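[1] the sequence isn't on hand, but the structure is:
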């Protein structure tokens, strides 16, 4: 099920995730839910056996998830570029230098780290998941 307000980028993210050979090879036990807080929008991704079971744009405040990855719009813009600028190339670098935050049950994140990492790499194809008219220009590589 997908929210009626889900953008084209979010639909492309779902399609790429479900069709990705690497996710399918590693995703047999990839079942969890996580929040991508991409300012100004949030996306709740519920995975089941390596497939996107549900992708909800701006979920209700009490929607449950295992862990969250939060960052400001500028960090996500850099992270989602085909060739990301320094310190936006991965969640660990962005966490240490760009203000990205990892919250919630980090054990679940670590248990699924390869799949989550691969899924986040797909954002370099789709760009940030928010509506295109709100995405704004990508930050300059500085």
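    Cool, the structure landed. Since we're looking at a predicted model, the values are computed, not measured.

[2] buried stuff in the top helix by length along the chain?
    Assignment by DSSP state H gives helix 8-19 as the longest helix of the chain. Counting neighbours by 16 or more other Cβ atoms under 10 Å, one finds that the buried residues in helix 8-19 are 9, 10, 13, 14, 16, 17. Backbone N, C-alpha and C define where each C-beta goes, glycine included.

[3] and stretch 18-30, by the same measure?
    Counting neighbours by 16+ other Cβ under 10 Å, stretch 18-30 gives 20, 23, 24, 27, 30 as buried.

[4] so which of the residues you listed belong to helices?
    Using DSSP H, the buried residues of stretch 18-30 in helices are 23, 24.

[5] just to revisit the earlier point, what is the nearest of the buried residues of helix 8-19 to residue 128?
    residue 9 (6.9 Å; Cβ to Cβ).

[6] could you pull up the residues touching the closest residue in space to that closest one that isn't next to it in sequence?
    Computed as Cβ to Cβ, 6 or more residues apart in numbering, the closest residue to residue 9 that is not its neighbour in sequence is residue 126, at 4.5 Å. Neighbour list for residue 126: 9, 10, 12, 13, 16, 80 [criterion: Cβ atoms under 8 Å, 6 or more residues apart in numbering].

[7] low-confidence bits of the protein, can you list those?
    For the chain, applying pLDDT under 70 flags the ranges 1-6, 131-142.

[8] how about the strands in it?
    32-37, 42-48, 51-57, 67-70, 101-104 (DSSP state E).
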